[in-house]
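only geometry, no sequence info:
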């Protein structure tokens, strides 16, 4: 009984820390630094992440950090690389903000990663969509039950791709004591509203749409204001300016950022499959950040797309500079 009380208290503490962080800043999904030959470059990752978690001038402090997730190329990391990335993240975060590591594939493999993350000292886990196959609702619920049975860490389910929960299934997974939230990447706001209404009080929801700022206002209307920001991985100043404008109801600034930076970025992203990660890494390299290339099956953008990306990035940074001067 004493263990159960402590277990529940630990979960509740993580939920509160995440809720506080979600109100304070964007959710940061760092890139994983790789060498030119494709190997993990841990020292570069440490330098990169240290900069990411420091509040840049005019930026906002991230509300939580999610290493080895989609933007961090979880799908291409072996277990030793995953361990190194997660341990480094926990060390650098040093308790200042929650660390939520990605896990995935089938439940058995997900638990192998979960145990590594437990040993590293992370606060919670993001359960990425399982591999390849579609599944019925009973299977999606059972997947989370089996993962929850094998780890003490709180779990956030991620619905995207072949994973999509009904309201009835949401109620079922919310009854699993360590399932604390849901990240949504489908952007079906009608369905998402039904999920938020079906959830118990205190259940966490996250906007996980690709380039989430584009839909942040729409998500907020159904009670999901917190969002992950891929832009934070290479331009925390831009991500911070957008978060601040959204928080303050500064629609003019939000519209300007969307029109002149985010929409062109999304249009470029949509040119090639996998650019949701590849362009983020390319933008980070343009800024001199030590992240290296992507791993196959992703490909780095060619010169023409990099030139377009550089212009979009320059426009975004110039816009943020103008916002700062106007509000100084």
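Thanks, I have it. Every value quoted in this text rests on a predicted model; they were computed, and no experiment measured them. Numbering: from 1, shown residues only.

what mean pLDDT would you report for the helix or strand where residue 255 lies?
Element membership of residue 255 [criterion: DSSP states H and E] is helix 251-257. Helix 251-257 shows a mean pLDDT of 96.

on contacts alone, who are the packing partners of it?
When contacts are defined as 3 or more CB pairs under 8 Å, 6 or more residues apart in numbering; DSSP states H and E, helix 251-257 sits against helix 236-248, helix 303-327. C-beta: built from backbone N, CA, C; applies to glycine.

Which among those helices is found nearest to residue 269?
For the helices and strands packed on helix 251-257, the distance to residue 269 is smallest for helix 303-327, at 9.5 Å, taking CB to CB.

Let me know the angle separating that closest one from helix 236-248.
50 degrees (axes from the mean of the first three to the mean of the last three CA atoms, to 10 degrees).

Helix 303-327 packs against which elements?
Packing contacts for helix 303-327, counted by 3+ CB pairs under 8 Å, 6+ apart, involve helix 236-248, helix 251-257, helix 263-269, helix 275-286.

quick check: angle from that helix to helix 275-286?
With the same axes, to 10 degrees applied, the angle from helix 303-327 to helix 275-286 works out at 70 degrees.

So what are the sheet partners of whichever strand or helix holds residue 125 and their directions?
In this assignment (DSSP H and E), residue 125 forms part of strand 124-127. With DSSP bridges as the test, strand 124-127 is paired with strand 100-103 (parallel), strand 155-159 (parallel).

hey, which of those strands is tucked in deepest?
strand 100-103 (a mean of 28; mean count of other CB atoms under 10 Å).

Tell me the first helix or strand C-terminal of that strand.
As assigned by DSSP H and E, the chain's next helix or strand after strand 100-103 is helix 107-120.

Give the buried residues for that next one.
The neighbour-count check on helix 107-120 (16 or more other CB atoms under 10 Å) flags 107, 110-111, 113-114, 116-118, 120 as buried.

any idea which element residue 89 lies in?
Secondary structure (DSSP H and E) places residue 89 in helix 79-93.

before we move on, the earlier item: quick one: which of the helices and strands packed on helix 251-257 is nearest residue 79?
Of all those, helix 236-248 comes closest under CB to CB, at 29.9 Å.
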